[in-house]
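Asker: Here is the input, now give the coordinates:
(chains A and B)
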Protein chains: 2
Amino acid sequence: MAKPLILVTNDDGIVAPGIRALVEVARQFGEVVVVAPDSPQSGKGHAITIHDPLRLKHVQVFPGIEAWECSGTPVDCVKLAKHVVLKNRQIDLCVSGINHGSNASINILYSGTLSAAMEASLEGIHSIGFSLLDYSFEANFEPGKPWIKQIIDYALNQRFPAGKLLNVNIPKLPADALRGIRICRQADARWVEEFMEGRDPNNQPYYWLTGKFVNEDSNNDTDVWALENGYISVVPSMHDLTDYSGMEHMRKLEQMDGVSK
Amino acid sequence: MAKPLILVTNDDGIVAPGIRALVEVARQFGEVVVVAPDSPQSGKGHAITIHDPLRLKHVQVFPGIEAWECSGTPVDCVKLAKHVVLKNRQIDLCVSGINHGSNASINILYSGTLSAAMEASLEGIHSIGFSLLDYSFEANFEPGKPWIKQIIDYALNQRFPAGKLLNVNIPKLPADALRGIRICRQADARWVEEFMEGRDPNNQPYYWLTGKFVNEDSNNDTDVWALENGYISVVPSMHDLTDYSGMEHMRKLEQMDGVSK
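Answerer: The predicted model follows:
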């Protein structure tokens, strides 16, 4: 295999420590090009920018690595990488992260990091979103690095269908406490939301999102279980949201006649 | 059943004609409360607002209907509806739309309309996203209304598991050309993107997203097929993105030892 071309992106922004750690691992495998947001884009999900122009700026952030910062969302970054920065080149792998904080369970829906990887997978590119369960700017990415290296090696060298997406989460543990990798399903957990309510300087009300992640899915085949038990969780994920098991139940709708009663 | 409580939202904004049409149908079934964005939010996907406060304003937009406009994304609207506006009340159904434009196939990922409905489903609320395949402000929502009424009636009165999400798309056709409802899977189509490149008044480059929707999934069980053949498409959808069929293939990763070569 020729030297692979690896696209690196994230949602915490191009100067976040997590993307630096990921570039350090990815560059050991081939040519790395970074296209990442110029500002934090956490929680942007699969948002794209339709009504505004996007900016793309060549920057020196990682020594010896081609890097571009983009004014848009993580998904915008992948689209610009594919269709402008790396136009006419084959991207062998897209890695996104390392996210500062968990993207296990339903967080895949809200996460810009995972949505960027999902967007690459929609383009037929193998892609992996990496997250460390540590929100802090000073998070220690070192214990996870050898594992990330092995997962990237696997993604580059194993033959599996194009456009597969892996959601990888790493527990916040020292190297010798990481117990290995578990292939998991997405836990059926949820956020119990609250809003901090306040008054601004003009005495107008505002609401600020906060919440608590609650997992009542206690089986041992989920990503949340794996992470709570010292394992790195890998969830093979996809963009087909069809609920096949729910189709038969809905067939009754096909008998409707559109004649309002 | 007591008079049901129906939450209505959208992504085109609270003054879009599509949400007015949806309110007109929904109010025939019970109490309607609208919480919708104060500005267009197309393409916002499952984005949430984390780093900024949100505004919520009581407005008179629909005669006799309680309505609130929100400064956030469609998903923010659903969270605020559930946890602030309708706190401690049971929401029986969430309907989102009627979107101006298709949300068939992978557009469910980008769509604020469908992500709002998805968010309600995560909260265990039956939810339906409605879209009409007509982007124009003057779109004619009348032909779809009797069908929407029958689908809402079904969702309110049939017993199926909580938190089910339906993605409903309606072709742009006169009433007598609508052939019925088809229960479908999400077509495996994609966007072929391009960016319009230009220079701003300061001679700086910009990139503006554009693209063409391409469907190479030619089977007759997809939403795109149904719409092209005059049917209203209904895709039962879900928030579990696990690729169960891909799990076995990845088991090799469980043999990794995290010892960097």
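
Asker: contacts, neighbours, all on C-alpha from now
Answerer: OK.

Asker: ranges for the helices of chain A?
Answerer: Secondary structure of chain A by DSSP state H: the helices cover A:17-26, A:74-80, A:107-110, A:112-122, A:145-157, A:223-228.

Asker: can you redo the ones you listed as a markdown table with mean neighbour count and distance to chain B?
Answerer: Converted to a markdown table, the helices of chain A look like this (neighbours: other Cα atoms under 10 Å in any protein chain shown; distance: least, Cα to the nearest Cα, whole Å):
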| stretch | mean neighbour count | distance to chain B |
| --- | --- | --- |
| helix A:17-26 | 21 | 11 |
| helix A:74-80 | 29 | 8 |
| helix A:107-110 | 23 | 6 |
| helix A:112-122 | 30 | 7 |
| helix A:145-157 | 19 | 5 |
| helix A:223-228 | 22 | 11 |
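
Asker: Out of these, which is closest to residue A:35?
Answerer: helix A:74-80 (5.8 Å; Cα to Cα).

Asker: Can you name every helix or strand that that closest one contacts?
Answerer: Using 3 or more Cα pairs under 8 Å, 6 or more residues apart in numbering or on different chains; DSSP states H and E as the contact criterion, the neighbours of helix A:74-80 among helices and strands are strand A:5-9, strand A:31-37, helix A:112-122.

Asker: Just the CA trace of that helix, in CSV.
Answerer: What follows is helix A:74-80, C-alpha atoms only, in CSV (Å, rounded to 0.1, in the frame of the first residue of the first chain):
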residue,chain,number,x,y,z
PRO,A,74,-16.9,19.9,12.0
VAL,A,75,-19.0,18.5,9.1
ASP,A,76,-18.2,21.6,7.0
CYS,A,77,-14.5,20.8,7.7
VAL,A,78,-14.9,17.4,6.2
LYS,A,79,-16.8,18.6,3.2
LEU,A,80,-14.2,21.3,2.5
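
Asker: can you list contacts of it?
Answerer: Among residues not part of helix A:74-80, those counted as contacts by Cα atoms under 8 Å, 6 or more residues apart in numbering or on different chains are A:9-11, A:35-37, A:41, A:44, A:46-49, A:70, A:112-113, A:115-116, A:119-120, B:193, B:195.

Asker: Kindly provide the whole-number mean pLDDT of it.
Answerer: Across helix A:74-80, the average pLDDT comes to 98.

Asker: can you put the helices and strands packed on helix A:74-80 in a markdown table and add mean pLDDT?
Answerer: Formatted as a markdown table, the helices and strands packed on helix A:74-80 follow (pLDDT from 0 to 100):
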| stretch | mean pLDDT |
| --- | --- |
| strand A:5-9 | 98 |
| strand A:31-37 | 98 |
| helix A:112-122 | 97 |
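
Asker: Dump these to JSON lines, plus distance to residue A:227.
Answerer: Listed next are the helices and strands packed on helix A:74-80 as JSON lines, based on distance: least, Cα to Cα, whole Å:
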{"stretch": "strand A:5-9", "distance to residue A:227": "24"}
{"stretch": "strand A:31-37", "distance to residue A:227": "27"}
{"stretch": "helix A:112-122", "distance to residue A:227": "17"}
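
Asker: And these: which comes nearest residue A:147?
Answerer: Across the helices and strands packed on helix A:74-80, residue A:147 has its closest neighbour in strand A:5-9 (17.1 Å, Cα to Cα).

Asker: How far off centre is that closest one?
Answerer: Relative to its chain's centre, strand A:5-9 lies at 13 Å (Cα atoms, centre = their mean, to the nearest Å).

Asker: cool, stretch A:194-205 as well?
Answerer: That offset, for stretch A:194-205, works out to 32 Å (Cα atoms, centre = their mean).

Asker: Could you point out which residue ranges in the stretch 1-150 of chain A have low pLDDT?
Answerer: Along the stretch 1-150 of chain A, the parts satisfying pLDDT under 70 run over A:1.

Asker: Quick check: residues of it near chain B?
Answerer: Selection of the stretch 1-150 of chain A residues close to chain B by Cα under 8 Å from any Cα of the partner chain yields A:42-50, A:52-56, A:79-80, A:83-84, A:106, A:109-110, A:122-123, A:146-147, A:149-150.

Asker: quick revisit: any idea which of the helices of chain A gets closest to residue A:248?
Answerer: Counting by Cα to Cα, residue A:248 lies closest to helix A:107-110 out of those; the figure is 25.8 Å.

Asker: helices or strands next to that closest one in the packing?
Answerer: helix A:112-122.

Asker: Let me see the residues that make contact with the helix it packs on.
Answerer: Contacts for helix A:112-122 (Cα under 8 Å, 6+ apart): A:9-11, A:41-46, A:73-75, A:77-79, A:94-97, A:99, A:103, A:108-109, A:126-130, A:162-165, A:167, A:238-239, B:190.

Asker: Stretch A:45-56 now?
Answerer: A:68-76, A:108-112, A:114-116, A:119, B:42-48, B:109-110, B:205-210.

Asker: Distance from that stretch to the middle of the chain?
Answerer: The answer for stretch A:45-56 is 17 Å, by Cα atoms, centre = their mean.

Asker: and what of stretch A:172-179?
Answerer: Centroid separation for stretch A:172-179 versus its chain: 22 Å, with Cα atoms, centre = their mean.

Asker: what's the answer for stretch A:161-176, then?
Answerer: Distance of stretch A:161-176 from its chain centroid, counting by Cα atoms, centre = their mean, is 10 Å.

Asker: residues in contact with that stretch?
Answerer: Contact partners of stretch A:161-176, identified using Cα under 8 Å, 6+ apart, comprise A:102-104, A:108, A:114, A:117-118, A:120-134, A:142-144, A:178, A:223, A:227-228, A:230-238.

Asker: list the buried ones in it?
Answerer: A:163, A:164, A:165, A:166, A:167, A:168, A:169, A:170, A:171, A:172, A:173 (16 or more other Cα atoms under 10 Å in any protein chain shown).

Asker: swap in stretch A:206-215?
Answerer: A:206, A:207, A:208, A:209.

Asker: Show only the entries of these found in strands.
Answerer: Among the buried residues of stretch A:206-215, the members found in strands (DSSP state E) are A:206, A:207, A:208, A:209.

Asker: Excluding chain neighbours, give the residue nearest to the last one in space.
Answerer: Counting by Cα to Cα, 6 or more residues apart in numbering or on different chains, the nearest residue to residue A:209 once its immediate chain neighbours are dropped is residue A:195, at 4.8 Å.

Asker: so residue A:134 touches residue A:101, yeah?
Answerer: Yes: Residue A:134 is within contact range of residue A:101, at 4.8 Å (criterion: Cα atoms under 8 Å).

Asker: Which residues does residue A:37 form beta bridges with?
Answerer: residue A:70 (DSSP bridges).

Asker: returning to what we had before: report the buried members of the contacts of helix A:74-80.
Answerer: A:9-11, A:35-37, A:41, A:44, A:46-49, A:70, A:112-113, A:115-116, A:119-120, B:195.

Asker: that older thread, from the buried residues of stretch A:161-176, pick the one nearest residue B:2.
Answerer: residue A:167 (42.9 Å).
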